[in-house]
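**Student:** predicted model follows, preceded by the sequence.
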Amino acid sequence: MFKRKKWIRFYAMDEGVADLHPIHSARKLRRKWRTDALERQKTEDRKCPYLRVQNLWKRTMRPNESVPELWNHAVTCPALHAVMDAGYIIPAPADFIINMDGSGVNFEWCANRVFYGDRYVQAHIPEQTEGMRQLVDQQKPVLEYSIKLELPWRVQAHPDVCFIQQPIAYWDEDRFTVPTGIVDPSYSYEINVQLFWHKLEEGAYLVKAGTPLVQWIPVHRDFLNSKGFEVVIEGANQDDLDNNAIMEYNRSKNFTETTTLSERISTQANILKLNKNIKRFN
């Protein structure tokens, strides 16, 4: 019997928003550093088996020489792939300008467009985020007021679905940081985004329509409650040691450059399935 997927519905209250600046899959977001790193791996020596083996020889036998190890770039890390491509990106639906007076306390804003209910840019007073806004990025200054964007978007979802809201993973945005949180569409259907603003120097700062604002990652609501899991915390036993020995062998049996990321993930997943401790929980 066909099992229907869990569903999510984003809908815009204003005409044209869903057509011109839609919420979209995080997989579609193009990070320049990521693209550049991947492009560097497509050089001729990667395509030519002879040159590739020559570089392997240099790397293995002459470790003190400056030999690029592009296959070891973090761009190929499965964990980074997973978080960068997970969920959805919510972009700004229209231009807005944040004007700073240089005090670090006050701001003004303007936009050509407001949305449903005559709303777009609002603010939270300093007392609402006192003690927490400074912790979002301790290396950057932060405006005392928090900028609140009341977007024209609404959300509906399957009863099992909640969202982790977070700043966009490994994205080049230094003007603002979005606070991390959990969004539950069972009672919160409006999509409002808070920005902790970092540019305090006097001047006007334009945020263009389409600017990526925040990443929403859907999760099963049961996973948010730790009481729903059987958790065992213990030292490794012999079955763990045996499995780890196989994993260590697998890590060194091939040159990294001769295998693809998908091959490495698949092999490691199959090895982890051999750990006999799994039978304790089945």
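**Tutor:** Arrived safely.

**Student:** and residue 123, that's in a strand?
**Tutor:** Yes. Counting by DSSP: H, G, I helix; E, B strand; the rest coil, residue 123 is found in a strand.

**Student:** show me what contacts it?
**Tutor:** 107, 145-148 (Cβ atoms under 8 Å, 6 or more residues apart in numbering). For every residue, glycine as well, the C-beta is placed using N, CA and C.

**Student:** ok, and the most crowded of these?
**Tutor:** The residue in the contacts of residue 123 with the most neighbours, by other Cβ atoms under 10 Å, is residue 146 (22 neighbours).

**Student:** bridged to that one, which residues?
**Tutor:** Beta-bridge partners for residue 146, by DSSP bridges, are residue 124.

**Student:** tell me the pLDDT at it?
**Tutor:** Looking at residue 146, its pLDDT stands at 95.

**Student:** hmm, it is touching residue 122, no?
**Tutor:** No. Residue 146 lies out of contact with residue 122 (Cβ atoms under 8 Å); the separation is 9.5 Å.

**Student:** tabulate the contacts of residue 123 (CSV), appending distance to residue 22.
**Tutor:** Formatted as CSV, the contacts of residue 123 follow (distance: Cβ to Cβ, whole Å):
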residue, distance to residue 22
107, 28
145, 29
146, 26
147, 22
148, 22
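
**Student:** now, the most widely separated pair of the residues you listed?
**Tutor:** 107 and 148 (11.8 Å; Cβ to Cβ).

**Student:** tell me which element residue 234 is part of?
**Tutor:** Here residue 234 sits in a region with no helix or strand, counting by DSSP states H and E.

**Student:** tell me how far it lies from residue 275.
**Tutor:** Counting by Cβ to Cβ, to the nearest Å, the separation of residue 234 from residue 275 is 14 Å.

**Student:** more neighbours: which of these two?
**Tutor:** Counted by other Cβ under 10 Å, residue 234 and residue 275 do not tie: residue 275 has more neighbours, with 15 against 7.

**Student:** burial count for the residue nearest to that one when sequence neighbours are not counted?
**Tutor:** Nearest in space to residue 275, with sequence neighbours left out and distances taken as Cβ to Cβ, 6 or more residues apart in numbering, is residue 243 at 4.1 Å. Residue 243 is flanked by 19 other residues according to other Cβ under 10 Å.

**Student:** show me what the helix or strand hosting residue 243 is packed against.
**Tutor:** Using DSSP H and E, residue 243 maps to helix 238-253. The elements that helix 238-253 packs onto, with contact taken as 3 or more Cβ pairs under 8 Å, 6 or more residues apart in numbering; DSSP states H and E, are helix 261-272.

**Student:** now do the contacts for residue 273.
**Tutor:** Residue 273 sits next to no residue when contact means Cβ under 8 Å, 6+ apart.

**Student:** so how far is residue 267 from it?
**Tutor:** Distance from residue 273 to residue 267, by Cβ to Cβ: 11 Å.

**Student:** overlap of the contact sets of the two?
**Tutor:** Common contacts of residue 273 and residue 267, defined by Cβ under 8 Å, 6+ apart, are absent altogether.

**Student:** okay but the residue nearest to residue 275 is in contact with residue 278, surely?
**Tutor:** No. Judged on Cβ under 8 Å, residue 243 makes no contact with residue 278 at a distance of 9.8 Å.
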